[in-house]
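**Q** give me a 3D structure for the following:
(one chain, ligands or ions: 1)
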Amino acid sequence: MKKIAVLGSTGSIGTQALEIIEKNREEYSVSALSCGRNIPLLQKQIDLFLPDMVSVKEKKDAEELQKKYPKIHVVYGEEGLIEAASCDCHMVLNALMGIKGLMPTYRAILAGKDIALANKETLVAGGQLIMEKAAEKGVRILPVDSEHSAVFQCMQGNEKKSLKRIILTGSGGPFRGFSTRQLYDVTKEQALAHPNWSMGQKITIDSATLMNKGLEVIEARWLFDVTLEKIDVVIHPQSIIHSMVEYEDNSVMAQMGLPDMKVPIAYALSWPKRRKNDFKSLDILREGANLTFESPDKNTFRCLSLAYEASKKGGTYPVVMNGANEVLVQKFLEGKIGFTQIQETIERVLCEHIPKYRLTPEIILEEDKKIRKKI
Ligand SMILES: NC(=O)c1ccc[n+]([C@@H]2O[C@H](COP(=O)([O-])OP(=O)(O)OC[C@H]3O[C@@H](n4cnc5c(N)ncnc54)[C@H](OP(=O)(O)O)[C@@H]3O)[C@@H](O)[C@H]2O)c1
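**A** Presented below is the predicted three-dimensional model:
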C-alpha cells in the first residue's frame, strides 16, 4: 500500500489525483491532505480518505477542523504545509499552485520522500538546488505535467546519452494566430477558454500567454538534465502528442493520448507500473486523423523567449520572472491590467534585475517576495 500526501488536494490536479486514489484503494491510501481555503471540499475529502494529517492556510480554519476531527493532526500556514510534506508517507504529490510549492518540495526531499511533482514553480525557481538535493538524498522526482510525463515515458528504456533533443508540444492556447494588436483587446473570459485542457485559472492564463510553455522548458532542463539548446517547442493544436524525444539515430519517440491530466497523474503515482483504468481511450482514426505542427510565434508571445532568456542567464532571473508572472496573472484576472501588460512588464523586470547566483531556498523566497512588492 503506497501512502500518499496530497498537497493542494482541492485544486484541479489534487481532485483528479484523489479520484484515481479512490478507484485504487487496494494500491493507495492518503496520509495527508492540504488546501488553502476550500474547507467544505476538504471536509468531504477528509470523510472519504481519513488522513492522519490535514494542513490548511488559516489558523482559524485549523482550529475549527481540529475540534471537528480530534483524531486528525491539523496544522496550518507555511509550517503546516512543510509538516504535511514530511509526514509518514511514501510519496508527496505536490499539486500546490505557485512558489509556495517550493519549500514543501525541498523539505519532502530532505525527509527522503519520493515526489510526484505538478507544482511548476518548484523547478522553475529552484531547479538546480532541488535536483541536486534529490540526487543526494536518492529521492525520485516523477513528473505530473503531461509534457514532462510524455518526455519521461519516451525516455523509459532508452539511454540518456543518446538523447538528441526534447520536443515539447503546446496547443498554442486560445489566441494562436493572433497579432500583438489583437492581443491588446482580449478579455479574461477569452483567455480562460482553453481549447483542449480544463485546468486551474493561473495555468490557463499561462497557456494563453505561452508562459506555461516557457516554464515547462525550464522545468525540462532540470528534470532531464539537458541544456536549453536541446529543448524545442512545437505548437500542436490538437494536444494529442504530449511531447517527443529525438535520439541520435534520428528516431523520434512520441507519447500520445487524449488531453486528460488523469493519465500522467496516474502514471506518476504508479510508476514504474502501468495500471488499468476507465479513462476514455484515444480513437486514433478520429482524433489522430489531422495532427498538425507549427512553430510558436515567439515575437507576438514574448513570454516563451523571456523564459529561455531568464533560464540561460540563471541565478535569480527565473525566480523574478516567475514571481512577476504570478502577480501579473492575478492582476489580469482581477481586471487591473491588460493581457499584453503581462509580457511587457516581465520583460522590463528582467532588464532591471540585479541577479544573485548562489541560491538557497531562503534566497529564492526573499527574491520572490521582493519582486512581488515591486510589481
Ligand atoms: N491543472 C492542470 O491541469 C495542471 C497541469 C500541469 C501542471 N499543473 C501545475 O500544477 C500546479 C497546481 O495546478 P492546479 O491547476 O491544480 O491549481 P489549482 O486548481 O489552483 O489548485 C491549487 C491548490 O493549492 C491550494 N492552495 C492555494 N493556496 C494555498 C496555500 N496558501 N496553502 C495551501 N494550499 C494552498 C488550493 O487550495 P484552495 O482550493 O483551498 O484554494 C488548491 O488545492 C500548478 O503549479 C500548475 O502549474 C497543473
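
**Q** and the stretch 201-350 of the chain, which residues reach the ligand?
**A** Contact residues, the stretch 201-350 of the chain versus the ligand (Cβ under 6 Å from any ligand atom): 203, 261. Glycine gets a C-beta too; all of them are placed from N, C-alpha and C.

**Q** check contacts around K202.
**A** 97-98, 326, 329-330 (Cβ atoms under 8 Å, 6 or more residues apart in numbering).

**Q** could you do R286 as well?
**A** So R286 contacts nothing (Cβ under 8 Å, 6+ apart).

**Q** SS state for it?
**A** coil (DSSP: H, G, I helix; E, B strand; the rest coil).

**Q** what does the pLDDT read for it?
**A** For R286, the model assigns a pLDDT of 96.

**Q** that one and I141, how far apart?
**A** 35 Å (Cβ to Cβ, to the nearest Å).

**Q** for the stretch 151-300 of the chain, which segments are assigned as strands?
**A** Remark: strands assigned in the stretch 151-300 of the chain by DSSP state E, counting those that start in this stretch are 163-170, 231-235, 241-247, 252-256.

**Q** which one of those strands lies nearest to K262?
**A** Closest to K262 of these is strand 241-247 (Cβ to Cβ; 13.0 Å).

**Q** check contacts around the closest residue to Y317 other than its chain neighbours.
**A** Spatial nearest neighbour of Y317, chain neighbours left out: A310 (4.1 Å); criterion: Cβ to Cβ, 6 or more residues apart in numbering. Residues near A310 by Cβ under 8 Å, 6+ apart: 218, 317-318, 320-321, 350.

**Q** could you pick out the buried ones from those?
**A** 218, 317-318, 320-321, 350 (16 or more other Cβ atoms under 10 Å).

**Q** quick one on the thing from earlier: redo the contacts of A310 as CSV? Include secondary structure and distance to S29.
**A** Listed next are the contacts of A310 as CSV, based on DSSP: H, G, I helix; E, B strand; the rest coil; distance: Cβ to Cβ, whole Å:
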residue, secondary structure, distance to S29
I218, helix, 34
Y317, helix, 41
P318, helix, 36
V320, helix, 40
M321, helix, 38
L350, helix, 44
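
**Q** tell me the one of those residues nearest G126?
**A** P318 (9.0 Å).

**Q** related to what we said a few turns ago, looking at the contacts of A310, which one is closest to the ligand?
**A** Distance ranking of the contacts of A310 against the ligand, using Cβ to the nearest ligand atom, places I218 first at 12.3 Å.

**Q** give me the number of residues near the residue of the stretch 251-375 of the chain found nearest the ligand?
**A** For the stretch 251-375 of the chain and the ligand, the shortest gap (Cβ to the nearest ligand atom) falls at M261, measuring 4.4 Å. A count of neighbours around M261, defined by other Cβ atoms under 10 Å, yields 19.

**Q** next up, the contacts around the residue of the chain found nearest the ligand.
**A** Closest residue of the chain to the ligand, Cβ to the nearest ligand atom: G11 (1.9 Å). Taking Cβ under 8 Å, 6+ apart, we find G11 in contact with 35, 95-97, 200.

**Q** for ChimeraX, write the select line for the buried members of those residues.
**A** Selecting only the buried entries of the contacts of G11 in ChimeraX, with 16+ other Cβ under 10 Å as the criterion:
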select :35,95,96,97
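
**Q** show me where the stretch 51-200 of the chain has helices.
**A** 59-68, 77-85, 102-110, 120-137, 146-155, 180-184, 188-192 (DSSP state H, counting those that start in this stretch).

**Q** may I see those helices organised as TSV, with mean pLDDT and distance to L359 added?
**A** As requested, those are exported to TSV (pLDDT from 0 to 100; distance: least, Cβ to Cβ, whole Å):
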stretch	mean pLDDT	distance to L359
helix 59-68	98	31
helix 77-85	98	19
helix 102-110	98	11
helix 120-137	97	6
helix 146-155	98	22
helix 180-184	96	33
helix 188-192	97	32
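
**Q** next, format these as CSV and append mean neighbour count and distance to A268.
**A** Formatted as CSV, those follow (neighbours: other Cβ atoms under 10 Å; distance: least, Cβ to Cβ, whole Å):
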stretch, mean neighbour count, distance to A268
helix 59-68, 14, 28
helix 77-85, 20, 16
helix 102-110, 24, 14
helix 120-137, 20, 14
helix 146-155, 24, 7
helix 180-184, 13, 34
helix 188-192, 15, 26
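
**Q** pipe these into a markdown table and attach distance to the ligand per row.
**A** Shown next, in a markdown table, are these (distance: least, Cβ to the nearest ligand atom, whole Å):
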| stretch | distance to the ligand |
| --- | --- |
| helix 59-68 | 9 |
| helix 77-85 | 6 |
| helix 102-110 | 9 |
| helix 120-137 | 4 |
| helix 146-155 | 6 |
| helix 180-184 | 22 |
| helix 188-192 | 12 |
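
**Q** so which of the ones you listed comes closest to R302?
**A** Per Cβ to Cβ, nearest to R302 of these: helix 180-184, 9.0 Å.

**Q** alpha carbons of that closest one, as PDB, please.
**A** Output in PDB follows, covering the C-alpha atoms of helix 180-184 (Å, rounded to 0.1, in the frame of the first residue of the first chain):
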ATOM      1  CA  THR A 180       0.000  41.800 -31.000                       C
ATOM      2  CA  ARG A 181      -2.700  44.300 -31.900                       C
ATOM      3  CA  GLN A 182      -5.400  41.700 -31.500                       C
ATOM      4  CA  LEU A 183      -4.000  40.600 -28.100                       C
ATOM      5  CA  TYR A 184      -4.400  44.100 -26.700                       C
END
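
**Q** packing partners of it?
**A** helix 340-352 (3 or more Cβ pairs under 8 Å, 6 or more residues apart in numbering; DSSP states H and E).

**Q** show me how far the helix it packs on is from its chain's centre.
**A** Relative to its chain's centre, helix 340-352 lies at 22 Å (Cα atoms, centre = their mean, to the nearest Å).
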